[in-house]
Each structure stands twice: as structure tokens, then as C-alpha cells.
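Colleague: what shape does this take:
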Amino acid sequence: MNSHTDIDVLIIGQGLAGSLLAWRLINAGASVMVLDNANPAAASRVAAGLINPVSGRRLVLSNNAEAALAEAHALYSELEQRLATPLLHPLPMWRLFRDQAQREQWQRRSADPLYAPFLGAEHDAAPGLRTPFGCAEQQRCARLDTRALLRALRNEFEHHGHLRTLQFDHAKLQLKGDHLIYEDIRASRAIFCEGWRMLENPWFGHLPLQPAQGSILTVELDGALPPAAINRGQWLIPLGERRWRLGASYRWDDIDERPSQAEREALLAALGEMLESSPGYRLLAEEAGVRPGTRDKAPLLGVHPEHPALAIFNGFGSHGSLLIPWYSARMAEHLLRGAALPASGDVRRLETAA
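Modeller: The predicted structure is shown next:
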């Protein structure tokens, strides 16, 4: 007697990567089960959801930014309608230059036709902000409400029998050639979307993941500020009703998914560097998560070269809200129809280089 539930795809992890890939596969007609431990410190649940195509101290444009933005807006708009939940909130960004060199870099970038659609007017000052080296308006940014999205998708998956809440155990996964078995589930393929816990994965743990822990504060601020994201290395993102998210710190060692006093103090000091006068604030919440980034900034996706029933979709770091919609479409096409994966991030390339 067959006592197994037969499905096409088993997805491990219901962060943003696992959730959006599961959504695409289910809507393409695949039978999918998502396994997730509901960790409140998971990076996607803590993340600010900032969509920012030009980032970093050197103001670098994300690869394939136009296509990634188009895919992100299309998918999040679809999800807003299907889930009846507001998710994507466009907002301008004020970039506060950290020194004269960064202002000059902005000017060079603004003259580049690739960057011009994303970079706006340059200013010497902005109301309420500390700008000794000037500032500028950055365009086509947005905030994705990742918590609302993951909560709504979790409810949707549970309602239709596509999700189980449990702690996945790699040792229980049995590879059977053209399929695999996990407890009472028999699947054609398992896709690992485990975030930084990929380091414990016996099949993909050697890939070049570079996890970075970060703290994010939710604060209530006195005084008026422009209704925009504010970026000076660290950032402030408006939530409404004088509430802001302040982040984020970076820690590569001693990762424990817990906020620290040192990181809290560093973020509050950064807040003082952003604002023109000493801010009155109330700390409402303090959270920490671990970004699953990679050393070369390319995500990790593809099928294991020796075990074709195993695949990975991971490594999006701090740009997941922007990049995952585009990559999830490519990954779904690869899994369902054998379409080629993007050269950057393909696991087969990384396996060859390992």
C-alpha cells in the first residue's frame, strides 16, 4: 500500500526566496509542499524590504536592474491583487553623501546613461537632515512589506495544503534515484531555500555563502522629516505615524541571530549623523537577522551535478526584494521546462570553480 504523499517539488524554507518560487511553481501547475520552521529571526521576516537599484558606498547599479525592477513590480502587483494585501510602497530616497569623494562619484554616475534613470537632482541641503557634503534624490526605490507578504503567503499555502511547519532534518532525506522521500512525502525534486543555514547542508554547504548578521531598530521620532527613505550607509525607512525602521548593521563573525548592545548603539549613533539636530526618539523594537549573501554577490541557483533530484535557490543577500522575482521566474522555467539559467549564480559554474 502506498503511504506517501506524491508531489512534484519539496521546498525547504519559507523565506522570500522559497515563498516566491513556490508561488510561481504552484501557479504553473506543479504540486508543491513547503517545509518551514517559522523562525521569527529568519532574514526575510526581519528585513526592511528596501528595493534600491543603486547601492553601496560606490553607488553601484544592480545587474539587470531594469528587468529586475519590471519583474518585481509585476509579481508584487499580482500578489497584492491575489492576496488582497498592500505590499509594495514606492518611495523616493535621499542619499546623504558621506564625503566629497562620494558626491563626485554621484556626479560621474549621473553622466552615465545606464545610471541616469535612477539618479535625480543634487542638492546642498535637505530639510531636517545633516548634509555637510550635500545630498541627492535617488529614484525608483520602494519598500516591500516582507512581513505582510510572508504572512499572507503562509496563510495561502496552509489553506491549500502546501505548507507544513516543522524543523527540517537533512539526515531524514532519502535519495532514490529519480525521486526522494522525506518522512511521508515522495517528491521528484527538493529545492533548498534555507538562507544562511545552507552552511549545514550536506549537498550545498561548500558553496561560497557569506552570511552577515544585521540588526534593525524600529523607532518613533520627534520632529518632521521628508516622507522618503534616507540613506547614509545606514538608512531610515518611513512606516507612517512617525515610526521608522533604522538599519542595518553588519556582523560576519559570532552569528547568533540576536541583537547586541554594540550594534544598537552604532545604529543610534548613525541616526544622529543623519539628522540635523539631536533626535528625540523612542525605541519600539529591536531585531536581528542573517543575510544569506555570497562572496561574489551572485545568488546560488541550480540543480546538484551529482544528485539531479536536489536543487538550490539561495544567496540573495540584502537585495532579495529586488532580485528574487526575476530569478524565481528563471528558476521556475528551468525546473519546469529545462530553460537555461543565468550564467551568474548558476550552481554548475560554482561547482566547476570549487
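Colleague: is residue 199 located within a helix, as I assumed?
Modeller: Yes - for residue 199, which was evaluated using DSSP: H, G, I helix; E, B strand; the rest coil, the result is membership in a helix.
Colleague: check contacts around it.
Modeller: The contact partners of residue 199, by Cβ atoms under 8 Å, 6 or more residues apart in numbering, come to 205, 209, 211. (Glycine included, C-beta is placed from N, CA and C.)
Colleague: please redo it, this time with the cut-off set to 6 Å
Modeller: residue 205 (Cβ atoms under 6 Å, 6 or more residues apart in numbering).
Colleague: show residues contacting stretch 265-276.
Modeller: Counting by Cβ under 6 Å, 6+ apart, the neighbours of stretch 265-276 from elsewhere in the structure are 128, 129, 130, 217, 230, 232, 234, 246, 249, 279.
Colleague: tell me the least confident of the residues you listed?
Modeller: Within the contacts of stretch 265-276, residue 279 has the lowest pLDDT, namely 74.
Colleague: can you tell me the element that one falls in?
Modeller: Taking DSSP states H and E as the definition, one finds residue 279 inside no helix or strand.
Colleague: burial check on it, number of neighbours?
Modeller: In terms of burial, residue 279 registers 17 neighbours under the definition other Cβ atoms under 10 Å.
Colleague: now tabulate the contacts of stretch 265-276 in JSON lines and tack on secondary structure and distance to residue 16.
Modeller: JSON lines is the format used below for the contacts of stretch 265-276 (DSSP: H, G, I helix; E, B strand; the rest coil; distance: Cβ to Cβ, whole Å):
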{"residue": "128", "secondary structure": "coil", "distance to residue 16": "32"}
{"residue": "129", "secondary structure": "strand", "distance to residue 16": "30"}
{"residue": "130", "secondary structure": "coil", "distance to residue 16": "33"}
{"residue": "217", "secondary structure": "strand", "distance to residue 16": "21"}
{"residue": "230", "secondary structure": "strand", "distance to residue 16": "24"}
{"residue": "232", "secondary structure": "strand", "distance to residue 16": "26"}
{"residue": "234", "secondary structure": "strand", "distance to residue 16": "22"}
{"residue": "246", "secondary structure": "strand", "distance to residue 16": "21"}
{"residue": "249", "secondary structure": "coil", "distance to residue 16": "20"}
{"residue": "279", "secondary structure": "coil", "distance to residue 16": "31"}
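Colleague: from these, which two are the most distant?
Modeller: Across the contacts of stretch 265-276, the longest distance by Cβ to Cβ is 23.5 Å; it joins 128 and 249.
Colleague: which of the two has more neighbours?
Modeller: Looking at residue 128 and residue 249 with other Cβ under 10 Å, you find the greater number of neighbours at residue 249, namely 20 against 16.
Colleague: so how far is residue 146 from the nearest residue to the more buried one once chain neighbours are set aside?
Modeller: In space, not counting the residues next to it along the chain, residue 249 is nearest to residue 263; the distance is 4.1 Å by Cβ to Cβ, 6 or more residues apart in numbering. For residue 263, the distance to residue 146 equals 20 Å [Cβ to Cβ, to the nearest Å].
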